[in-house]
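Peer 1: Kindly return the folded structure for what I paste below:
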Amino acid sequence: MPHLADIRTTLRLLSGLGDQSDNQRWLAGADDLTLCAKHITNFEAPYDLVKTMRASFLVLGPLVARFGTARVSTPGGCAIGARPINLHLKGLEALGATIEQTHGYIEAKAKKLRGAKIYLDLPSVGATENLMMAAALADGTTILENAAKEPEIEDLANALNGMGGQVHGAGGDIVHIEGVKELHGVTHRIIPDRIEAGSFVIAAALTGGEVLVKRARAAHLDAFLIKLDEAGVTLSADESGIRVRRNGSIKSVDVTTLPYPGFPTDLQAQLMVLMAVADGVSVMTETIFENRFMHAAGAGPYGRANKVGR
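Peer 2: Down below sits the predicted model:
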């Protein structure tokens, strides 16, 4: 597990719910993290944690599935654009939960969730994760259509299946979940962070050196690496990771962000920096978040900084 502020926030959240893990080794620098959720005593995720990290909202589905009740603060606005939670709530209602919104909190209740066929209007990563976890303990079969395809979805499914879940098709458009009565412990190694890996690839291309990004998985960065290749960056990948080398100048490329497996919006800003020193003009089109160009707001002759070049 990486040593990140988000992980520390998650541990604070889980501790508040009743998690009884001892992670002094991880806090001291070890890479493994232990969680023990046998005795959850609190079913509320408070505002001060959810506002810090939107992913805290992902306790909603697991809590209502396991205990029949959950009270989670709404995440609030997001600087990069609208990130509504309506898909999470509609999906939970389809699974049989009763949803109420009061005083900035979402309250979900259900005697027992039941399987359902759910179509997501957008392939939301968070909604896919929340509903997949909730459906893992529901009665019957749940089918998620237009599900998010990100590698993290497949990795979560692998973790759930290691716990005794029955999740099939994760990473594709349609995910089938056969509900089970209970889940058990598992030892799971998480996948390398593809956005962090991509950021290091960009850094290596900018500096003109040669870098091996250890354990990075090229298969998770296909669209991104294709654009880097078009830009003149030399790339090679094997089981050890992705090796990056730049010998000459950077060529301009045009990019449109799209849901996975398209070019990731989370690497758009990094590529914009690379394109700022490229030969020619690059056109960057953002289709995921309407405020994703704030990192370059007002820069250059284009005003909105949706085009950069040299």
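Peer 1: Who are the contact partners of Gln270?
Peer 2: Gln270 makes contact with Gly198, Ser199, Ile202 under the criterion CB atoms under 8 Å, 6 or more residues apart in numbering. To be clear about C-beta, it is placed using only N, CA and C from the backbone, and glycine gets the same treatment.
Peer 1: Confirm it sits in a helix?
Peer 2: Yes. Gln270: assigned to a helix according to DSSP: H, G, I helix; E, B strand; the rest coil.
Peer 1: What about the contacts of Gln270, which one has the most neighbours?
Peer 2: Highest neighbour count within these, by other CB atoms under 10 Å: Gly198, with 23 neighbours.
Peer 1: Surely that one is in a helix?
Peer 2: Yes. Under three-state DSSP, Gly198 falls within a helix.
Peer 1: Tell me how far it lies from Pro151.
Peer 2: Gly198 is 12 Å from Pro151, where distance means CB to CB, to the nearest Å.
Peer 1: Closest one to Val125 out of the contacts of Gln270, please.
Peer 2: Set against Val125, the nearest of these by CB to CB is Gly198 (16.4 Å).
Peer 1: Next one: that closest one relative to Arg114, how far apart?
Peer 2: Taken as CB to CB, the span from Gly198 to Arg114 is 40 Å.
Peer 1: For Tyr47, the count of nearby residues, please.
Peer 2: Other residues near Tyr47 come to 17 when the count uses other CB under 10 Å.
Peer 1: Identify the residues contacting it.
Peer 2: Tyr47 makes contacts with Ser73, Gly104, Tyr105, as judged by CB under 8 Å, 6+ apart.
Peer 1: cool, and Leu89?
Peer 2: The contact partners of Leu89, by CB under 8 Å, 6+ apart, come to Ile99, Ile106.
Peer 1: How about the secondary structure of it?
Peer 2: helix.
Peer 1: I'd like to know how far it sits from Asp22.
Peer 2: 35 Å.
Peer 1: ok, Ala138 touching Pro62?
Peer 2: No. In this structure Ala138 lies outside contact range of Pro62 using CB atoms under 8 Å: 11.5 Å.
Peer 1: Looking at these two, which has the bigger crowd around it?
Peer 2: Ala138 (24 against 20).
Peer 1: for the chain, where's the lowest mean pLDDT among helices and strands?
Peer 2: Among the helical and strand segments of the chain, the one scoring lowest on mean pLDDT, DSSP states H and E is strand 307-309, with a mean of 40.
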